[in-house]
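In: sequence and predicted model, in that order:
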Amino acid sequence: MTEMPKTQMLSGDGITAPLRYATFRRIWLASLLSNLGILIQGVGAAWAMTQMTASADKVALVQTALMLPVMLISMPAGAIADMHDRRIVALVSLAIALTGATALTVLAWLGLITPNLLLALCFVVGSGMALMGPAWQSSVSEQVPPEALPSAVALNGISYNIARSMGPAIGGIVVASLGAVAAFALNALLYLPLIAALFLWRRVAEPSRLPRERFSRAIVSGVRYITNSPSIKIVLMRTMVTGVIGGAILALMPLVTRDLLQGGAQTYGIMLGAFGLGAVIGALNIGEVRKRLSGEAAIRACTLSMGGSIAAVALSHQPVLTAAALVVAGAVWMMAVALFNIGVQLSAPRWVAGRSLAAYQAAISGGIAIGSWGWGRLTDAAGVEIALLVSAGLMLASPLLGLWLRMPRIGARGEDAEVLADPEVRLALTGRSGPLVVEIEYRIAQDNARAFHNVMQDVQLSRQRNGAYGWSLARDIADPELWTERYHCPTWLDYLRQRNRATQSERALHQQAMAFHIGPDPVRIRRMLERPFGSVRWKDETPDRAANDVLPVIASAAGSST
């Protein structure tokens with residue numbers, strides 16, 4: 001983690017507190033310029049498409065081309081961010097985006113751009129940014145202390161939306177006066193400050209105690225963690241639904257300008273600027289909203305306001321009224337998206353932060369990409385006004401999801417717990433020895449059976465999201481006080497990872513389960529090699545393997561755990 005001077009280790013409640021930290025400040029300012037360039041390019045691409053084709057489907061697909069890569073490669077991108085130096089990953093990602101932006105500029109300048117080629121190069125730029133997203137967002141916790149993390153997340157949202165408030169208007173002016181080629185070229189140039197800021201970041205990575213996971217296993221670990229985390233699953237489902245429905249206003253903005261307002265590129269930029277201005281207002285008030293409202297109440301208020309704003313945009317033919325509705329829409333959209341982001345980021349421990357944020361990005365961007373395609377098709381069939389009214393109706397109805405998928409309470413970030421002492425090992429093992437079976441015997445008073453069983457349901461999710469599989473809980477029919485928890489890990493190395501991935505709250509949960517144990521003897525733990533083929537001496541002359549062949553755990557603290 002980046003080392004911070006003592007003078008900087010001051011806690012701050014304000015939204016600007018993270019800007020005290022030089023590394024975060026440099027990257028934040030550079031990312032503001034980069035976001036500005038991306039939005040200027042977006043204006044150029046969307047408007048260029050409206051000039052090349054009259055198809056609403058093609059116009060909406062520009063948004064899909066930029067957002068779909070996030071959905072497709074977010075989980076691999078998250079795994080890469082967790083496995084490798086996040087600074088290097090971000091630099092490689094920017095190089096990919098810069099290549100796409102440069103190619104788009106050159107081909108447009110030569111007059112060789114076509115609708116399909118425009119979509120393809122937007123997809124390349126989107127792919128670079130999709131790869132960068134998890135590395136960038138998960139590295140925020142390395143640039144600021146934990147108490148400043150919520151403000152840093154909000155500031156990153158503000159960065160994008162400050163750019164959104166100015167970028168489209170600038171883009172509209174650039175496109176109207178110099179053409180789309182200038183917009184594409186300006187985007188390519190504005191990647192350079194962020195590349196320079198990342199080069200200046202002297203990231204000090206904490207060395208891993210264990211060998212790096214294989215890429216495929218890292219993806220599986222991320223998916224397993226998310227599927228066994230009920231709170232994260234709920235946030236992701238609500239995020240995707242909001243993205244699908246709310247994607248209409250983002251995807252159809254060029255058509256709102258052209259067909260409902262009878263405007264040009266400059267009007268389009270102003271409309272997007274109004275949405276971005278509202279988003280900045282929303283981001284600045286996230287802290288106040290979090291203090292006053294629960295997660296569910298805040299999301300309900302945001303979606304209801306968003307639905308009303310989209311309806312106003314659909315029915316308005318006056319630029320001033322449309323812009324006012326877009327300010328409100330931008331504010332509540334930003335609040336909802338930031339609340340979803342904070343919920344995921346504060347729920348995931350550091351070892352899986354990149355993959356959890358990748359899943360969040362896939363949910364929001366995939367929702368917008370799928371929604372954009374659907375809203376474009378509906379617009380071709382029924383018109384812009386009808387499509388927006390349908391979107392507004394669905395947004396107004398979306399709070400009903402809270403009856404089944406209630407937003408969880410957002411708590412503190414799950415921090416890593418202390419490293420456990422080595423388990424006792426007398427059998428020579430390698431990292432690939434396995435599967436490993438763990439059995440834990442508890443003796444539970446019969447009066448506490450139901451309470452113990454309920455706690456063990458949460459223990460099951462904890463074990464499974466950290467790497468265990470085949471979990472079961474059995475009760476002895478001849479001795480009803482005896483309970484046996486059993487689970488598997490694929491290899492010895494996976495078991496070492498699993499037992500040390502638990503957060504402080506998960507360790508407390510395990511201790512809560514052990515507190516039910518009664519009797520003079522402690523909880524009994526057995527760790528067994530399920531397929532001990534390589535551990536057996538098949539001939540008398542075969543030498544024993546040395547004890548130092550056992551893969552050790554580098555323990556810094558003793559502790560009783562499984």
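Out: Looks like it arrived, so ask away.
In: what's the one helix or strand residue 358 maps to packed up against?
Out: Here residue 358, judged by DSSP states H and E, is contained in helix 353-382. With contacts taken as 3 or more CB pairs under 8 Å, 6 or more residues apart in numbering; DSSP states H and E, helix 353-382 sits against helix 56-83, helix 115-138, helix 215-227, helix 230-251, helix 319-345, helix 384-397. Every residue, glycine included, has its C-beta placed from N, CA and C.
In: state the mean pLDDT of the fourth one.
Out: Helix 230-251 shows a mean pLDDT of 91.
In: what about the helix or strand that that helix is followed by, distance to the chain center?
Out: Reading on from helix 230-251 to the C-terminus, the next helix or strand found by DSSP H and E is helix 253-255. When distances are taken as CA atoms, centre = their mean, to the nearest Å, helix 253-255 is centred 28 Å away from the chain's centroid.
In: which other helices and strands does helix 253-255 contact?
Out: Judged by 3+ CB pairs under 8 Å, 6+ apart, helix 253-255 is in contact with helix 22-52, helix 56-83, helix 265-284.
In: what does it contact?
Out: Helix 253-255 is contacted from outside by 46, 47, 49, 50, 56, 59, 268, 271, 272, 275, 379, 384, using CB atoms under 8 Å, 6 or more residues apart in numbering.
In: so which of these comes closest to residue 484?
Out: residue 275 (57.6 Å; CB to CB).
In: apart from its chain neighbours, what residue comes closest to that closest one?
Out: residue 330 (4.0 Å; CB to CB, 6 or more residues apart in numbering).
In: now the contacts of helix 253-255 as JSON lines including pLDDT?
Out: Below are the contacts of helix 253-255 laid out as JSON lines (pLDDT from 0 to 100):
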{"residue": "46", "pLDDT": "79"}
{"residue": "47", "pLDDT": "76"}
{"residue": "49", "pLDDT": "82"}
{"residue": "50", "pLDDT": "78"}
{"residue": "56", "pLDDT": "69"}
{"residue": "59", "pLDDT": "74"}
{"residue": "268", "pLDDT": "77"}
{"residue": "271", "pLDDT": "87"}
{"residue": "272", "pLDDT": "76"}
{"residue": "275", "pLDDT": "86"}
{"residue": "379", "pLDDT": "92"}
{"residue": "384", "pLDDT": "93"}
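In: quick check: the residue most central in space within the chain vs residue 234, distance?
Out: For the chain, the residue nearest the mean C-alpha position is residue 357 (1.7 Å; CA atoms, centre = their mean). Distance of residue 357 to residue 234, given as CB to CB, to the nearest Å: 16 Å.
In: tell me the pLDDT of residue 207.
Out: On the pLDDT scale, residue 207 is placed at 61.
In: and for the nearest residue to residue 343 once chain neighbours are set aside, the neighbour number?
Out: Spatial nearest neighbour of residue 343, chain neighbours left out: residue 235 (4.6 Å); criterion: CB to CB, 6+ apart. Residue 235: 28 surrounding residues under other CB atoms under 10 Å.
In: likewise for residue 363?
Out: Count around residue 363 with other CB under 10 Å applied: 25.
In: give me the pLDDT for it.
Out: 87.
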